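In: got a predicted structure plus its sequence, pasted below:
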Amino acid sequence: MDNIAAGEINFNQANLQRQIPIDLFVSKKDRGLVGDRGGTIRFIDSSANLVFNVLPQSHHNRLLVDSSANPLISIRRDQNGCWQGFTGDDSREENFLFRVERTVHTLSRTECEVFLVNGDLEGMKSDFKMKGCPFQRSCTIYSGNSIVAQTSLMYKLGMQKVFVPRNRFRLTIFPGVVDHALVVALIVIFFDGRKFWI
């Protein structure tokens, strides 16, 4: 009987964790070499454990890996300025996962539409929208009218407000059915080309 009760407690704790927003802290670790393809982008949790890492493969390609360096999503920019995501580290058509198109791109505002592939490439529909201001490190991902995830600058409170450097910010993923790796890939795409990533 004690095992059943313990199992029920674990099950309820797992459900509770799915109902709590998750914060990931984003930072860039430079490799330090001139002419290098750039450093890795790290996503850590509140206990400073590495959750995701984004590795540069080339100027227009990134690879999202988990904490054990297992490839999750390969991100590739095409000639039209759109982004494509593929499962794993392969860019074959059968691994095609999503496409991101920028619809608004001004100095103070950027908006993107995300199209998930549902079986065939012709059946694509806009599943998510991303809106925000990359300069302020703000991005909100919407699914319909619901907020899926949101970024914000971190700052310290005290006698005066002191901002943490702009190359570090927080990503909050709200409870739902969206894969966290997908959200991280979308955030990387949204901020691509900004000084944060250089």
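Out: Nice, I can see it.

In: bridge partners for Cys133, pull those for me.
Out: Judged by DSSP bridges, the bridge partners of Cys133 are Ser138.

In: I'd say it and Thr106 touch.
Out: No. Between Cys133 and Thr106 there is no contact, the gap being 9.3 Å when judged by C-beta atoms under 8 Å. Any C-beta I mention is one placed from the backbone N, CA and C, and that applies to glycine too.

In: buried set for stretch 46-66?
Out: Neighbour-count burial for stretch 46-66, counted by 16 or more other C-beta atoms under 10 Å, picks out 51-56, 62-65.

In: what does that stretch contact?
Out: For stretch 46-66, contacts defined as C-beta atoms under 8 Å, 6 or more residues apart in numbering pick out 23-25, 37-45, 67, 69, 71-77, 89, 180-181, 184-185, 188.

In: any idea how far Pro21 is from the closest residue to Thr87 other than its chain neighbours?
Out: Take Thr87 and drop its neighbours on the chain: the residue closest to it by C-beta to C-beta, 6 or more residues apart in numbering is Asn95, 4.7 Å away. Separation of Asn95 from Pro21 (C-beta to C-beta, to the nearest Å) stands at 30 Å.

In: the two: which has the busier surroundings?
Out: Comparing Asn95 with Pro21 by other C-beta atoms under 10 Å, the one with more neighbours is Asn95, at 15 against 12.

In: contacting residues around the more buried one?
Out: Listed by C-beta under 8 Å, 6+ apart, the contact set of Asn95 reads 74, 86-88.

In: the protein: strands as residue ranges?
Out: 22-29, 40-44, 50-58, 61-66, 71-77, 83-87, 96-105, 110-118, 120-133, 138-143, 146-153, 155-156, 162-163, 168-173 (DSSP state E).

In: pLDDT score for Asn3?
Out: Asn3 carries a pLDDT value of 46.

In: which intervals of this protein have sub-threshold pLDDT?
Out: For the chain, the stretches with pLDDT under 70 are 1-18, 30-39, 118-125, 154-167, 193-198.

In: endpoints of stretch 27-42, how far apart?
Out: From its first residue to its last, stretch 27-42 covers 5 Å (C-alpha to C-alpha, to the nearest Å).

In: can you check stretch 41-51 too?
Out: Taking C-alpha to C-alpha, stretch 41-51 runs 11 Å from one end to the other.
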